[in-house]
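Undergrad: Kindly generate the corresponding structure for this input.
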Amino acid sequence: MKKLMINRSLSGAFPEGFHEMDRHELIKYFAGDTDRCGIHDENRHVILSVSWSKPGFLGFLTDERSVLNGAQLRLKLHLQRYRRLEKLNREIASRPAVGIRFEYQVTGTEIMQYSDLYVFKLGKLIYAVQLVARKERFEESQLLSEEFLRSIAVPA
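TA: Residues are numbered from 1 along each chain as shown. Now for the predicted structure:
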């Protein structure tokens, strides 16, 4: 397992077959590389990414659920055939995380993808962890994602 440093505040371990995404890959898949890192397995068509942001002036009032609701609105606007499938809850880095599973069509193709998106708060930052995989490989991808999610922790 290789280590991924996440914003110098967290680390996560990722399995063989993945590589850390460079700036160009982050821009290609997420339209930006600021405040984001990720790992990619081209053979399995799986991406796991983590982004972070500091809420504005009233950040102390911002919670995971409101950030997730805002993300859902953006997803509906920007993804073709977006459809939320279910709500998710779990712990990441010993913090409560709220999430959603959704599907969408890759722009300009017939490819359908599934994604899990989790949001949690650590200190003054909000983190979003996302799994993106082709619909037909999603079940297999969830096992890889689960390993990564369980490994995310504050480094000792």
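
Undergrad: Can you tell me which residue is spatially central in the protein?
TA: Nearest to the mean C-alpha position of the chain, counting by C-alpha atoms, centre = their mean, stands Gln130 at 1.5 Å.

Undergrad: how about the strands in this structure?
TA: Secondary structure of the chain (DSSP state E): strands at 2-6, 10-14, 19-20, 36-41, 46-53, 80-92, 95-105, 112-122, 125-134.

Undergrad: Dump those into CSV; add distance to Ala153 and mean pLDDT as well.
TA: Placement of C-beta: from N, CA and C, glycine included. As requested, the strands of the chain are exported to CSV (distance: least, C-beta to C-beta, whole Å; pLDDT from 0 to 100):
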stretch, distance to Ala153, mean pLDDT
strand 2-6, 10, 93
strand 10-14, 6, 94
strand 19-20, 18, 96
strand 36-41, 15, 96
strand 46-53, 13, 95
strand 80-92, 9, 96
strand 95-105, 10, 97
strand 112-122, 10, 96
strand 125-134, 12, 95
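
Undergrad: Looking at these, spot the one closest to Asp63.
TA: Ranking those by their distance to Asp63 (criterion: C-beta to C-beta) puts strand 112-122 first, at 7.1 Å.

Undergrad: for that closest one, packing partners?
TA: Strand 112-122 is packed against helix 64-78, strand 80-92, strand 95-105, strand 125-134, helix 138-151, with contacts defined by 3 or more C-beta pairs under 8 Å, 6 or more residues apart in numbering; DSSP states H and E.

Undergrad: For that strand, C-alpha coordinates in PDB please.
TA: Output in PDB follows, covering the C-alpha atoms of strand 112-122 (Å, rounded to 0.1, in the frame of the first residue of the first chain):
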ATOM      1  CA  MET A 112     -22.800   5.600 -17.100                       C
ATOM      2  CA  GLN A 113     -20.900   6.100 -13.900                       C
ATOM      3  CA  TYR A 114     -21.700   5.700 -10.300                       C
ATOM      4  CA  SER A 115     -20.200   7.800  -7.600                       C
ATOM      5  CA  ASP A 116     -20.100   7.900  -3.800                       C
ATOM      6  CA  LEU A 117     -19.600  11.400  -2.300                       C
ATOM      7  CA  TYR A 118     -18.900  11.800   1.400                       C
ATOM      8  CA  VAL A 119     -18.500  15.100   3.300                       C
ATOM      9  CA  PHE A 120     -16.900  15.500   6.800                       C
ATOM     10  CA  LYS A 121     -15.500  18.300   8.900                       C
ATOM     11  CA  LEU A 122     -12.100  18.200  10.500                       C
END
